[in-house]
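Novice: Provided below for reference: sequence and predicted model.
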Amino acid sequence: MAQMNNGCGCTPNKAIECTVTNCANHCQAENYCGLTSIKVGTHEANPTKDQCTDCMSFKMK
């Protein structure tokens with residue numbers, strides 16, 4: 001669940017940069033995620049490139 005700033009929107013987590021603006025957890029004013037942590041996974045049996053990994057915390061807006 002996204003962090004809230006007194007109910008006024010997303011609190012950017014400066015430890016998690018993100019440019020996926022159509023994610024519900026993206027802080028629109030800044031390129032950061034509003035979650036306290038994320039889960040990273042893969043869609044490949046044997047990932048060898050960064051393109052093989054996925055943010056499993058992604059939620060479509």
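Specialist: Arrived safely, thanks for sending. The shown structure was predicted, so the numbers you read here are calculated from the model rather than taken from an experiment.

Novice: and Cys33, how many neighbours does it have?
Specialist: Applying other Cβ atoms under 10 Å, we find 26 residues neighbouring Cys33. All C-beta atoms are positioned from the backbone trio N, CA, C, and that covers glycine.

Novice: what count of nearby residues applies to the closest residue to it other than its chain neighbours?
Specialist: Distance criterion Cβ to Cβ, 6 or more residues apart in numbering; nearest residue to Cys33, sequence neighbours excluded, is Ile16 at 3.9 Å. Residues near Ile16, counting by other Cβ under 10 Å, number 18.

Novice: secondary structure class for Ile16?
Specialist: strand (DSSP: H, G, I helix; E, B strand; the rest coil).

Novice: let me see the contact set for it.
Specialist: Taking Cβ atoms under 8 Å, 6 or more residues apart in numbering, we find Ile16 in contact with Tyr32, Cys33, Leu35, Ser37, Ile38.
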